[in-house]
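J.: What would the 3D arrangement of this be:
(one chain, ligands or ions: 1)
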Amino acid sequence: MFDNIRRPMAASNLRWTLAGDKPAELFEGCRRVAGKGQYRGLTFLEVEAKSIINRVPYTNFFPFEYTINCYRGCSHACVYCFARTSHDYLGLGIGEDFDRRIVVKVNAVELTRAQTEPRNWAGHPIAMGTNTDPYQPAEGKYRLTRGVVEVLTERANPFSVLTKSPLALRDRNLLAEAAKRAEVTVSFSVGTLDTDVWRKTEPGTPHPRKRLEAVSRLKELGVPSGVLVAPLLPGISDSPRQVGEVMRACRDAGADFAAPIRLHLRPGVKEHFMEWLEGEFPDLVGAYRDLYRNRSYLPRRTRSRRNSNPARRPAGAKTPAPKKPRQGRLL
Ligand code: SF4
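T.: So this is what the prediction gives:
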């Protein structure tokens with residue numbers, strides 16, 4: 001069923017800094033806008049970025065080389081979000097600041113147009129969703145991701161999107177047109193269908209079933225779409241029953257691929273996550289300390305043993321292929 005199941009990827013070597021975004025420069029002239037109505041409680045920090053396309057240092061782990069992130073911070077507020085530390089880099093907190101104070105690069109569309117000018121740009125694939133969610137709630141107000149997608153569509157430039165939000169469906173016709181002109185992939189991150197786990201771990205996100213519905217809708221329109229089954233949280237969302245439920249739902253949604261990825265916890269995020277764990281799952285604190293002691297990723301033996309368990313795969317799903325994906329899908 002899944003011809004394109006992808007191998008989990010690691011993140012440790014990727015710099016999440018953006019070209020030209022030195023914190024002091026970024027916040028010079030920053031305009032603070034208080035959210036109203038559906039955005040109440042959020043503060044938008046509107047900045048003019050100096051560059052929008054970031055070139056990622058080459059590693060074996062990441063198949064993408066160029067990224068665009070129109071926002072920093074994300075009100076989806078996932079407790080495990082690896083991008084939290086990028087707020088620290090900006091001089092903001094990695095907890096509530098990350099969830100509530102959203103940096104908005106208001107000139108993202110103009111920069112994309114300028115930087116993909118055919119005379120200066122070779123049409124490299126661009127990954128969106130490598131740092132914060134391009135269809136997070138702020139996108140409903142600013143429509144920057146839509147503007148970037150419009151430019152890339154005009155240019156017939158390949159790109160990928162990774163999101164937790166069915167807001168991507170707002171742009172479904174545009175994405176369908178883009179997919180006719182270039183290689184385009186939209187991936188949704190669905191780590192659990194357990195309502196209790198979802199509410200506790202991703203409090204600002206739309207229900208994961210809405211994301212799977214979005215996969216189906218996009219597939220109907222001819223947009224290649226799949227799922228990152230991520231992150232799987234040990235002892236919380238990684239039981240065979242839970243993972244099997246998600247994989248079956250991916251298959252039923254017609255996903256082109258489904259890639260299980262286990263939780264990784266890098267320094268900074270690890271402390272934030274552990275504090276949350278103590279409040280919600282105190283019985284698991286000791287086990288997590290053992291699992292992630294002095295490391296960000298689960299030990300290889302633990303990962304391979306769990307990933308090789310056939311009970312974790314739905315009937316018809318192939319074993320994860322040990323090949324490098326072509327475009328980045330990490331969130
Ligand atoms: S949706 Fe992605 S970027 Fe946003 S908080 Fe969750 S993991 Fe982080």
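J.: Spell out which residues of the stretch 1-150 of the chain are next to the ligand.
T.: 74, 76-78, 81, 83, 132-133, 136 (C-beta under 6 Å from any ligand atom). Backbone N, C-alpha and C define where each C-beta goes, glycine included.
J.: Mind doing that once more with 5 Å?
T.: 74, 76, 78, 81, 132-133 (C-beta under 5 Å from any ligand atom).
J.: how about the strands in this protein?
T.: 31-34, 43-47, 53-55, 66-68, 71-72, 101-105, 126-128, 159-163, 184-189, 225-232, 258-262 (DSSP state E).
J.: So which other helices or strands are in contact with the third one?
T.: Using 3 or more C-beta pairs under 8 Å, 6 or more residues apart in numbering; DSSP states H and E as the contact criterion, the neighbours of strand 53-55 among helices and strands are strand 66-68, helix 108-115.
J.: So what touches the first one?
T.: In other words, strand 66-68. 52-56, 108, 112, 124-128, 130-131, 148, 328 (C-beta atoms under 8 Å, 6 or more residues apart in numbering).
J.: same thing but at 6 Å, please
T.: 52-55, 124, 126-128, 130, 148 (C-beta atoms under 6 Å, 6 or more residues apart in numbering).
J.: Stretch 36-50 too?
T.: Contacts for stretch 36-50 (C-beta under 6 Å, 6+ apart): 20, 26, 30-35, 75, 100-107.
J.: what separates the residue lying farthest from the centre of the chain from Arg155, distance-wise?
T.: Residue farthest from the centre of the chain, counting by C-alpha atoms, centre = their mean, is Arg119 at 30.7 Å. In this view, Arg119 and Arg155 are 12 Å apart by C-beta to C-beta, to the nearest Å.
J.: go on, Phe82?
T.: Applying C-beta to C-beta to Phe82 and Arg155 gives a distance of 30 Å.
J.: do the same with Tyr80
T.: Taken as C-beta to C-beta, the span from Tyr80 to Arg155 is 35 Å.
J.: Show me which residues of stretch 231-242 are buried.
T.: 231-234, 236-238, 242 (16 or more other C-beta atoms under 10 Å).
J.: what about the stretch 201-331 of the chain, any weak spots by pLDDT?
T.: 300-331 (pLDDT under 70).
J.: Tell me who's in contact with Tyr80.
T.: By C-beta under 6 Å, 6+ apart, the neighbours of Tyr80 are 231, 263, 273.
J.: Just the buried ones out of the residues of the stretch 1-150 of the chain next to the ligand, please.
T.: Buried among these by 16+ other C-beta under 10 Å: 74, 76, 78, 81, 132-133.
J.: Report how many residues lie close to Ser216.
T.: 14 (other C-beta atoms under 10 Å).
J.: Just to check, it is in contact with Ala253?
T.: Yes: contact criterion C-beta atoms under 6 Å: Ser216 and Ala253 qualify, at 4.8 Å.
J.: Return the most buried member of the helices and strands packed on strand 53-55.
T.: strand 66-68 (a mean of 24; mean count of other C-beta atoms under 10 Å).
J.: Please identify the pairing partners of that one and their relative orientation?
T.: strand 53-55 (antiparallel), strand 126-128 (parallel) (DSSP bridges).
J.: Would you mark the buried spots in the first one?
T.: Applying a neighbour-count criterion of 16+ other C-beta under 10 Å, the buried positions in strand 53-55 are 53-54.
J.: What are the boundaries of the helices in this structure?
T.: In the chain, helices defined by DSSP state H lie at 23-27, 84-89, 96-100, 108-115, 138-142, 144-154, 172-181, 195-201, 208-220, 240-253, 269-280, 285-291, 300-307, listed in chain order.
J.: Buried ones in the longest one, by neighbour count?
T.: Across helix 240-253, burial judged by 16+ other C-beta under 10 Å covers 242-244, 246-251, 253.
J.: next one: stretch 291-300
T.: Buried residues in stretch 291-300 (16+ other C-beta under 10 Å): 291-292, 296-298.
J.: Now flag whichever of those is closest to the ligand.
T.: Ser296 (15.3 Å; C-beta to the nearest ligand atom).
J.: Just give the nearest non-adjacent residue to that closest one, would you?
T.: Arg266 (4.5 Å; C-beta to C-beta, 6 or more residues apart in numbering).
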